[in-house]
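Q: sequence first, then the predicted structure:
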Amino acid sequence: MALFKALYQYIFQFLRTKVTRMQFLMVIATLTGFVSGMVAVLLKTLVHYIQHWIEHIPATKFAYLLFPTFGLLLTVFIVKRFFGGHIEKGIAMVLQAIARKSSFIPLKHSYLHIITSSITVGLGGSVGLEAPIVATGSAVGSNIARITDFNYQERTLLIACGAAAGISAVFNAPIAGVIFAIEVLLTETVVSYFIPLIISSVVGALCSKIILQEASLFNFVLKQTFNYENVPFYILLGLLAGFVSLYYARTFKRVEKKLHSSTLNAYAKALLGGGILMLIYFIFPPLFGEGYKSVKIVANGDFRQFSDNTTLFSLLNENWALVAFTAFIVLLKPVAAAITIGGGGNGGNFAPSLFTGSYLGFFFSKLINNIPVIKIPEGNFSLVGMAGVLSGVMYCPLTAIFLIAEITNGYELFIPLMIVSSISFFIVKSYEPYSMETKKLAMEGQIFTHKKERNILTSIVLADMLQEQYESIEPDKKLKDLIEVIKRSEKNIFAVVDNKERFMGIVELNDIKQKLFQPDCYNSVSIKSMMKKPAAILSTDQDMHTVMEKFDVTQSWYLPILDENKKFAGFISKTKLFNKYREILASQGDLYE
């Protein structure tokens, strides 16, 4: 590995001397797109062959129901045996790395998601590969940038390039890949980012286009064109998609939390999750795995019959049985996805949201078509429903619009896609400011949001701002002892601590100036009588947003910081904080500058 790194650095250091900085960045973006695209192709191929193998096992009709349990158990074993019992997953991990870890993603993320998600999804877990692919592509970009000695801004861009190439390769949708990177990962974008992102995304799309078989790609052929007379129905679908997205997010988090908080050990959770999935799959077979095969059937308008293993739906006539069946599919998909993740599997909600949207669109159009004299295209509504739920669950309306437009090989549905995605997104944003995957981290200030000032503060680490070179003095000391401290210090504020180093207060030079010129006070005035409580006290675990709020409220220029044991750790200076803020702001310039 060390030899490979040295050879890589030698080649690219030589190349760096022959081209401009921007030209060199384009070369690295191309490399990132190629590696990420190939990784995405590898993951899709692995899952395709695992599922092909399951389908052709000479066994009983329902033998496939056992595989999800086996997949969860195997994933848990691998994570516990080789990755310390826990792995950070999905888009949230990438966003946290950008905001809190200087865009450094550990090398293990470039392969661990391939292993765990291919087993989880390939063996029937009801989640998608897109989040693992984004995590893997981002890790590829981060590590290529690291060994190329790129700065923070360039590392962040290459993370986005890797993610864009991954999404582009999975769907053969280069525009959607670029927009996803900008909309989800890069909260702050400059125009010069677009070219490297486009290059990476196109290279990723070419990888899948050249290598993957047509059957493995997610695309559709429109059977009916857009009819403006259906606009009222698309508006209704948008409203429905928004509330279904809210249902999806809240149900998923509730079920996943219940499994995670269970006192069962990891293997017992996998067994429990696998058992529940077995029951769900028996009643509703389309929920098995990613579900893209059944999505193709639904979105192409070919969904005419289903497997009724329980014979419950045979009590209804054919049309209403289909409506009821698809309604249950929509309601149970977030449950199945949450059980897969809560049971120890690795995957994401990108594919499940597309799946849910497809069945939602079919359910809605089938329901409307049961009304006499009304006939709307079920395939088109299924496709547009995919965009609506993806927009509402993942908070990426533009990605949803362009993704469906690209995979249908045209922009015939652009108007209904815009209507449904925007309405759905508006509804979910009215109830929840952040997506279900990022809400907790966003509220804690662990990831960037679309607020520039907040993002800059998030990127500042309190420990880096801590000024430790401050003298302290005990409260039972006298003024003469403080004078000796002042003589050897350049500071004008001092911490008062007891003999156990617990913080008690501060002494400011401005407050005792007059006493300094009264020698008769040197031995009689104690430090305790001169100290005062600070305007506010900070702890080492507080974020910079809280720190800045304390500075604003108190109008102080220095505030003390205590560790978890209430011991004095140092002071933080507002001046130093402002200087760091300006430094970060100045670094966020255009790549061409």
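A: Perfect, thanks for sending it.
Q: mind listing the helices for the stretch 151-300 of the chain?
A: Under the criterion DSSP state H, counting those that start in this stretch, helices of the stretch 151-300 of the chain are mapped to 152-171, 174-180, 194-211, 231-260, 266-283, 292-299.
Q: correct me if wrong: Leu390 contacts Leu398.
A: No - using CB atoms under 8 Å, Leu390 is not in contact with Leu398, being 10.9 Å away. (Each C-beta comes from the backbone N, C-alpha and C, glycine too.)
Q: flag the shaky bits of this structure, pLDDT-wise.
A: The chain contains residues with pLDDT under 70 at 1, 5, 58-60, 189, 214-217, 410, 448-457, 467-469, 585-593.
Q: returning to that earlier point: ok, which of the helices of the stretch 151-300 of the chain comes nearest Ile447?
A: Closest approach to Ile447 among those (CB to CB): helix 152-171, 12.7 Å.
Q: mind giving me the packing neighbours of that closest one?
A: The contact analysis (3 or more CB pairs under 8 Å, 6 or more residues apart in numbering; DSSP states H and E) places helix 152-171 against helix 21-55, helix 90-100, helix 130-147, helix 174-180, helix 194-211, helix 397-407.
Q: check which helices and strands the fifth one sits against.
A: Going back to what we said before, that points to helix 194-211. The contact analysis (3+ CB pairs under 8 Å, 6+ apart) places helix 194-211 against helix 21-55, helix 152-171, helix 174-180.
Q: centre of the chain to whichever strand or helix holds Val507, how far?
A: Element membership for Val507 (DSSP states H and E) is strand 503-508. Chain-centre distance of strand 503-508: 43 Å, with CA atoms, centre = their mean, to the nearest Å.
Q: what of stretch 155-174?
A: 14 Å.
Q: please convert the helices and strands packed on helix 152-171 to a markdown table, extending it with distance to Pro372.
A: Formatted as a markdown table, the helices and strands packed on helix 152-171 follow (distance: least, CB to CB, whole Å):
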| stretch | distance to Pro372 |
| --- | --- |
| helix 21-55 | 41 |
| helix 90-100 | 45 |
| helix 130-147 | 41 |
| helix 174-180 | 39 |
| helix 194-211 | 45 |
| helix 397-407 | 30 |
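Q: does Lys572 count as helix, strand or coil?
A: Not quite, residue 572 is Ile, not Lys. Here Ile572 is strand, with the state taken from DSSP: H, G, I helix; E, B strand; the rest coil.
Q: what's in contact with stretch 235-244?
A: Outside stretch 235-244, the residues that touch it by CB atoms under 8 Å, 6 or more residues apart in numbering are 330, 356-357, 360-361, 364, 381, 384-385, 388-389, 391-392, 419-428.
Q: please apply the same query to stretch 179-186.
A: Identification of contacts with stretch 179-186 by CB under 8 Å, 6+ apart yields 91, 94-95, 98, 138, 156-157, 159-161, 163-164, 167, 189, 193, 197, 201, 394-399, 402-403.
Q: if we use 6 Å, what do you get?
A: Stretch 179-186 has contacts (CB atoms under 6 Å, 6 or more residues apart in numbering) with Ala160, Ala163, Ala164, Ile167, Thr189, Leu197, Cys396, Leu398, Thr399, Phe402.
Q: what residues go with each domain of this protein?
A: The chain breaks down into these domains under automatic domain parsing: 2-215, 228-455, 460-587.
Q: thinking again about what came up before, out of the helices of the stretch 151-300 of the chain, which is the most enclosed?
A: helix 152-171 (a mean of 30; mean count of other CB atoms under 10 Å).
Q: quick one: contacts of that one?
A: Contacts of helix 152-171 (CB under 6 Å, 6+ apart): 29, 32-33, 36-37, 40-41, 98, 102-103, 133-134, 137-138, 140-142, 145, 174, 177-178, 180-181, 185-186, 193, 196-197, 200-201, 204-205, 207-208, 218, 407.
Q: in the stretch 351-500 of the chain, which spans are helices?
A: Ranges of helices in the stretch 351-500 of the chain, per DSSP H, counting those that start in this stretch, are 378-394, 397-407, 414-431, 439-443, 452-459, 462-465, 479-487.
Q: mind checking which of these is nearest Gly570?
A: Per CB to CB, nearest to Gly570 of the helices of the stretch 351-500 of the chain: helix 462-465, 9.3 Å.
Q: what is the strand holding Val507 packed up against?
A: Counting contacts by 3 or more CB pairs under 6 Å, 6 or more residues apart in numbering; DSSP states H and E, strand 503-508 packs against strand 493-497.
Q: list the strands paired with the strand it packs on, with their directions.
A: Sheet partners assigned to strand 493-497 using DSSP bridges are listed as strand 472-473 (parallel), strand 503-508 (antiparallel).
Q: thank you, goodbye.
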